[in-house]
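Undergrad: model the following, please.
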Amino acid sequence: MKAFNLKDVIGDELKRCVSTAERKYRTPKPGTCEAVLTELLEQIKSIDFRAKSGLPDEGKISRKIYVVVTVDEVLDVATANNWGLATRDGFIYIFNGEYWQPVGADDFKPFLAKAAMRMGVPVMESKYHMFKDELYKQFLSEANLQPPTRGNKVLINLKNGTFEISPDWQGLREFDRDDFIKYQLSFEYDPKSVCPVFDKYLLRVLPDEDCRKVLAEYLGYIFINNLKLEKAVILYGSGANGKSVFFEIINAILGTENICSYSLQNLTKYDSYQRAELANKLLNYASEINGKLEASIFKQLVSGEPVEARQIYGKPFVMTDYGKLMFNCNELPKEVEQTNAFFRRFIIIPFSETIPPEEQDPELANKIIGQELSGVFNWILEGLRRLLVNKKFTQSMKVKEQIDKYRMESDSVAMYVGEYSYVPSYRSSYSLKAIYDEYKAYSLDNGYKSVSIRTFSERLRMLGFDGEKKMNGRIIYAIRE
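TA: So this is what the prediction gives:
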């Protein structure tokens, strides 16, 4: 057994105190993004552009010199005052004393123009739209912030500090701009908070304990960057089952500014502008999932892999740090990629309890949001801790059964084969064209989009049906039971 060493204990505690003091020293007083920019602008003084650029006294100051020197000076003033001002993945961020807040081009370009005027750039030059554009582009190229190395830490930013979970310690600490956290939850962390109304609601709409565990774990997974589980969650079920209440609660927990609600179709299109919005969000939580999705991009997003994105009027960039995916739906997407790689990325949680009108409370979500957010967060923390220990989601038979059912029902060919009772045979055969025509009629009658004859043949092969090319066309070895 290792001997107790008082010096080591005192030394570790002293290091923690020093680290906290250093963070306090270099952290600006909390304020809004606009307040930080205003204060920064007040520190900008007139400068000698010739001296800064090494230009001779008689030399003409070009626009290039104005642009480069202005941006360098803004960054120098920000650094001298311990203000965080940086760009990453095509976005500009300001550390407001508690977290890094994104600032849009429409706000930042005028700021740069005003800074240029205070430094001595001619007014007409400063106001010219192309000059503003050049300042903005120069800033994007000069102020790039390297992503922090968090190791095994999990960091969650709340109103009263940053909650840290690391292998040797967990608890609330001071805000630190070096964390590069881009959000703040709207409530304080309180380890004693409970949520009896939420617990009662969740037990009613989701009676399966394992399903409740998986849900808490996934919401905790939102805050974990170093655990690659490659899952998206779907809360599935018809109306009056509690999904919309859960949707409102999670929007309140994470904050609407930290959530987007784009469909899978919009997120996975090759030319999607919405995909870039994931870079500044914790979660994409949409109330429906309808539409055709691009499977390859979907798999990239769920896996957290680098994926190409683009803002409107912006250049494409590779997005590496972005939100997780969650959806509510009454109907699951049909005719999707029939591969293990596709289906293993889903966690489908069935909300199958229909709440009768006399039990429904239209104010339920507001009651929970008004009184129990901190308690609901503690429920999420339990799931997060469980996930960190187990390194995987809780195994739920309900979830597995729902995914297996979805896999069958999303394949119109498999549904057709089952409906018409076809089984593989070594002797009996049918013309591929004949059964394909029968399949198309079945799809039309049942609202499915029929696949091509080539895909139809390939799906039959995957279902165990052999085929052969004959003089009169291709045949499929099958028999109807």
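Undergrad: buried set for the one helix or strand Tyr201 maps to?
TA: Assigned by DSSP states H and E, Tyr201 falls within helix 196-205. Neighbour-count burial for helix 196-205 flags 197-199, 201-202, 205 (criterion: 16 or more other C-beta atoms under 10 Å). Glycine gets a C-beta too; all of them are placed from N, C-alpha and C.
Undergrad: turn those into a markdown table, including pLDDT.
TA: As requested, the buried residues of helix 196-205 are exported to a markdown table (pLDDT from 0 to 100):
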| residue | pLDDT |
| --- | --- |
| Val197 | 98 |
| Phe198 | 98 |
| Asp199 | 98 |
| Tyr201 | 98 |
| Leu202 | 98 |
| Val205 | 97 |
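Undergrad: closest one of those to Gln138?
TA: Phe198 (49.2 Å; C-beta to C-beta).
Undergrad: which ones are touching Val121?
TA: 49, 66, 70 (C-beta atoms under 8 Å, 6 or more residues apart in numbering).
Undergrad: pull out the buried residues from the residues you listed.
TA: Neighbour-count burial (16+ other C-beta under 10 Å) applied to those gives 49, 66, 70.
Undergrad: care to break this protein down by domain?
TA: In terms of domains, the chain is parsed into 31-142, 196-403, 411-480 (source: automatic domain parsing).
Undergrad: dump those into a markdown table; add distance to Ile181 as well.
TA: A markdown table is the format used below for the domains of the chain (distance: least, C-beta to C-beta, whole Å):
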| stretch | distance to Ile181 |
| --- | --- |
| domain 31-142 | 5 |
| domain 196-403 | 10 |
| domain 411-480 | 42 |
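Undergrad: minimum distance to Glu164: which of those domains has it?
TA: domain 196-403 (10.9 Å).
Undergrad: and the contacts of stretch 436-450?
TA: 334-335, 412-413, 415-416, 419-420, 453, 456.
Undergrad: where does the protein have low pLDDT?
TA: 1-31, 290-291, 335 (pLDDT under 70).
Undergrad: how far off centre is the lengthiest strand in it?
TA: Criterion DSSP state E: the longest strand present in the chain is strand 422-431. Chain-centre distance of strand 422-431: 47 Å, with C-alpha atoms, centre = their mean, to the nearest Å.
Undergrad: out of the buried ones among the contacts of Val121, which are inside helices?
TA: 49, 66, 70 (DSSP state H).
Undergrad: quick check: next helix or strand after the helix or strand Glu73 falls within?
TA: Following DSSP H and E, one finds Glu73 within helix 63-80. Using DSSP H and E, the helix or strand that follows helix 63-80 in sequence is strand 84-88.
Undergrad: which strands or helices does that next one pack on?
TA: helix 63-80, strand 91-95 (3 or more C-beta pairs under 8 Å, 6 or more residues apart in numbering; DSSP states H and E).
Undergrad: in JSON lines: these, plus distance to Ala341.
TA: Shown next, in JSON lines, are the helices and strands packed on strand 84-88 (distance: least, C-beta to C-beta, whole Å):
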{"stretch": "helix 63-80", "distance to Ala341": "44"}
{"stretch": "strand 91-95", "distance to Ala341": "31"}
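Undergrad: winner for burial among those?
TA: strand 91-95 (a mean of 24; mean count of other C-beta atoms under 10 Å).
Undergrad: circling back: mind checking which of the domains of the chain is nearest Asp168?
TA: So among these, domain 196-403 is nearest, using C-beta to C-beta, at 13.2 Å.
Undergrad: ends of stretch 254-265, what's the gap?
TA: 23 Å (C-alpha to C-alpha, to the nearest Å).
Undergrad: what residues of it count as buried?
TA: In stretch 254-265, counting by 16+ other C-beta under 10 Å, buried: 254, 258-265.
Undergrad: out of the residues you listed, which are inside strands?
TA: 259-260.
Undergrad: tell me which of the buried residues of stretch 254-265 is nearest to Phe346?
TA: Leu264 (11.2 Å).
Undergrad: ok, the closest one touching Phe327?
TA: Yes - when contacts are counted by C-beta atoms under 8 Å, Leu264 is listed as touching Phe327 (7.2 Å).
Undergrad: list residues touching both of the two?
TA: Common neighbours of Leu264 and Phe327, counting by C-beta under 8 Å, 6+ apart, are 286, 289.
Undergrad: I'm done for today, thanks for sticking with me.
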